[in-house]
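A.B. asks: my questions concern the predicted model and sequence given below.
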Amino acid sequence: MIEIYNKLYSTFGPQHWWPTGTQLEMIVGAVLTQNTSWHNVSIAIDNLEKNGLLGLIQLIEADKDLVKDLIKPVGFFNIKYNRLMNLLEYFTEQGLDNPKFMYAPVYELRQELLAIKGIGRETSDSILLYAFGRPIFVVDAYTRRLFSRLGYEWMEKADYDEIQQLFMANLPMEPNIYNEFHALIVRHCKELCKKNPICSECNLACPMNK
DNA sequence: CACCAGGCAAGTA
DNA sequence: TACTTGCATGGT
């Protein structure tokens, strides 16, 4: 587990995924990227930014059809618009700068996010980890595929929480490690796996698509 | 042309 | 609990 992390990290280096953008950008991106490539998400976020809508108030109060049009590249734009507004309303009520997001128990915050329609486990965990730097491990399809080929066959179909708990039980409780590990898994899987069964760079199994 | 992308909710059995 | 389907655009 930690050995695999070290191997990926020494091969690909830090991925500094989301700390680059604004906090709101990470939150918006977490919803828009549901079953969607990050490439398309960044186009949508650029569109919002160009129209001055990358603010909590601005985005909530913006014309519905305009926002839908701007986020069209991500697909599912009708449903994602609603999910986005549900989430933004929650953060407006709570206050983005509310200290609870830094200090309340992370699983308590997770429960609140999961109660929002449109926010599932991967999205809530991504927000807590990448937007607020809280220690919670994000599980996605790549994680299942890669580790299924590294000896954890059961992960292919296992419950999300079960997989998350295994990672967290075997890693230091460090947001930075969770952050980089997830990003490294995606990086490893994305670039090299379509052609080679074994990654030529890090020598780990490359999960093929599907 | 087929299939996938940093999912989720609602419906069915 | 364990599948199945709709959501929709853009890249390979």
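C.D. replies: It's in.
A.B. asks: could you find the closest non-adjacent residue to residue A:205?
C.D. replies: Nearest residue to residue A:205 in three dimensions, chain neighbours excluded: residue A:149, at 3.9 Å (CB to CB, 6 or more residues apart in numbering). (Each C-beta comes from the backbone N, C-alpha and C, glycine too.)
A.B. asks: relative to DNA strand B, how far out is that neighbour?
C.D. replies: Computed as CB to the nearest atom of the strand, to the nearest Å, the residue A:149 to DNA strand B distance reads 14 Å.
A.B. asks: what's the answer for residue A:15, then?
C.D. replies: 8 Å.
A.B. asks: do residue A:54 as well
C.D. replies: Computed as CB to the nearest atom of the strand, the residue A:54 to DNA strand B distance reads 17 Å.
A.B. asks: again, but for residue A:134
C.D. replies: 14 Å.
A.B. asks: with residue A:7 instead?
C.D. replies: The gap separating residue A:7 from DNA strand B is 20 Å, by CB to the nearest atom of the strand.
A.B. asks: excluding covalently adjacent residues, which one is nearest to that residue?
C.D. replies: residue A:202 (5.6 Å).
A.B. asks: contact residues of chain A facing DNA strand C?
C.D. replies: A:35-37, A:39-40, A:72-80, A:157, A:159 (CB under 7 Å from any atom of the strand).
A.B. asks: now the helices for chain A?
C.D. replies: Using DSSP state H, the helices assigned to chain A run over residues A:2-12, A:23-32, A:38-50, A:56-61, A:64-70, A:77-94, A:100-103, A:106-114, A:121-126, A:141-148, A:160-169, A:175-192.
A.B. asks: looking at it, residue A:145 is touching residue A:207, isn't it?
C.D. replies: Yes: counting by CB atoms under 8 Å, residue A:145 touches residue A:207, with 3.5 Å between them.
A.B. asks: how many neighbours does the residue in chain A positioned nearest to DNA strand B have?
C.D. replies: Closest residue of chain A to DNA strand B, CB to the nearest atom of the strand: residue A:120 (2.3 Å). By the measure other CB atoms under 10 Å, the count of residues near residue A:120 is 13.
A.B. asks: what do you get for the one 10 residues further on?
C.D. replies: Per other CB under 10 Å, the neighbour tally for residue A:130 reads 24.
A.B. asks: where does pLDDT dip in chain A?
C.D. replies: Within chain A, the segments meeting pLDDT under 70 span A:18-20, A:194, A:208-210.
A.B. asks: show me it divided up by domain.
C.D. replies: Structurally, chain A divides into domains by automatic domain parsing as follows: A:2-15+A:137-192, A:23-131.
A.B. asks: CSV please, covering these and showing distance to residue A:198.
C.D. replies: Putting the domains of chain A into CSV (distance: least, CB to CB, whole Å) gives the following:
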stretch, distance to residue A:198
domain A:2-15+A:137-192, 9
domain A:23-131, 24
